[in-house]
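Take this sequence and fold it.
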Amino acid sequence: MTYQELIGKIVALQDEGLELFNAGKSVLGKNILATHVGDYSGTQILIQGGIHAREYITSLLMVEQARNLFLNNLVHGGGIYFVFLVNPDGAEIVLDGINAVNCEITKQYLTLANGGSENFSQYKANINLVDLNTNFNADWGGGSQNVFCPATEDFVGFYPESEREVQSLINFTLKTKPLLTISYHSKGNVIYYGFENQSPENVARDQSIGESLSELTGYPLIFTENSTGGYKDWCINSLKIPAYTIEVGDNSLAHPIGEENLPEIYMRNKDVPLLALEKAKEYAQSIDFLSPNVQNKVKGQNYGTNAKSYIARLNRKLEGRNSGWRSYCKGQ
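Residues are numbered from 1 along each chain as shown. Prediction:
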């Protein structure tokens, strides 16, 4: 796959009726493409992917999720934002190689950081050699794997929120005011929740929602330890909302995970956005909307017949009434 083919799959959603817009810009000025499915009133959630360059399989997953929800008219009484590729500059280097970079000095700088190799298939950072998912101001620099010199992965940046992509995602999140966020990464088939110094009440809330996501996907739920500065961490620490990192793809797969693995990944994650939205609605009902700290007021919820049927099927899955589906999850 080339970078243009990846972007083409995102842009093609417009041909099916979805509206694309920009959530911000990359360092090199590329658009960070996003869409919205459902109603702009009511509870909103945000799902983002492709923040690590080599993990563009998550962008392809989100394209399929957005298409399914939109074409089947499944989202009512709230909405879902998808930010498909937070790190387009890095993804282009992974997919098209170092010659995709026009500046000779930047090429030399990146190649030096890559150990002199022109094989960038394992590259995670942005064009500035910053690992974007360590650059958020949430105990910045406190992770066990953080490094403090430019590198192809794990470099936290010279100061928190130094990178244009991080600033873009923060600004977009503050503008859209989601009550729950999901960050898609690869790999490991696991869901991470929670953050250091989080209140016990919020840990319990996030664990409860996470357990539903875990049962739906078959991925184990793990509390985050020794990892800081990520988007999930910032959402929990700054916004006090439930936020999750979902790692897709089995550990046996090599980076970057190829498109041939998308059907299995999609099958396990197809229903995640709708379930997450429903859980966010339940959480919204417990919020004191008279509080001046609450800015995301949830209006009356109006579910369509199609959505009702779909949600009922999700609940049956969670209750174990569809043994074949549960067997599939447990067998992976």
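
Helices along the stretch 201-332 of the chain, start to end?
231-234, 262-269, 272-284, 305-318, 323-330 (DSSP state H, counting those that start in this stretch).

Per-residue pLDDT of the residue nearest the centre of the chain, please?
Geometric centre of the chain, nearest residue: residue 183, 2.4 Å, by C-alpha atoms, centre = their mean. Note on residue 183: pLDDT of 98.

Isn't it up against residue 247?
No. At 9.5 Å, residue 183 does not count as touching residue 247 under the criterion of C-beta atoms under 8 Å. For glycine as for every other residue, the C-beta is placed from the backbone atoms N, C-alpha and C.

ok so, going back, by mean pLDDT, show me the worst of the helices of the stretch 201-332 of the chain.
Among the helices of the stretch 201-332 of the chain, helix 323-330 scores lowest, at a mean of 34.

which residues touch the helix or strand encompassing residue 82?
Using DSSP states H and E, residue 82 sits in strand 78-83. Strand 78-83 is contacted by residues 23, 32-49, 62, 65-66, 69, 169, 172, 176, 178, 273-274, 276-277, 280-281, 298, 301 when judged by C-beta atoms under 8 Å, 6 or more residues apart in numbering.

List the ones among those residues that fall in helices.
Using DSSP state H, 62, 65-66, 69, 169, 172, 176, 273-274, 276-277, 280-281 are the members of the contacts of strand 78-83 that sit in helices.

Most widely separated two among those?
Of all pairs drawn from the ones in helices among the contacts of strand 78-83, the greatest distance, 23.4 Å, lies between 169 and 281 (C-beta to C-beta).

coming back round to it: quick one: strands adjacent to the strand holding residue 82?
Here strand 78-83 has these sheet partners by DSSP bridges: strand 31-38 (antiparallel), strand 43-48 (parallel).

ok, then the element right after that strand?
In N-to-C order, the element after strand 78-83 by DSSP H and E is helix 88-96.

What is that next one packed up against?
In terms of contacts (3 or more C-beta pairs under 8 Å, 6 or more residues apart in numbering; DSSP states H and E), helix 88-96 is packed against helix 3-11.

what's the average pLDDT for the helix it packs on?
98.

what does stretch 286-297 give?
50.

Count the residues that sit near residue 160.
Using other C-beta atoms under 10 Å, residue 160 has 18 other residues around it.

More neighbours: residue 169 and residue 281, which one.
A count of neighbours by other C-beta under 10 Å puts residue 169 above the other of residue 169 and residue 281, at 28 against 19.
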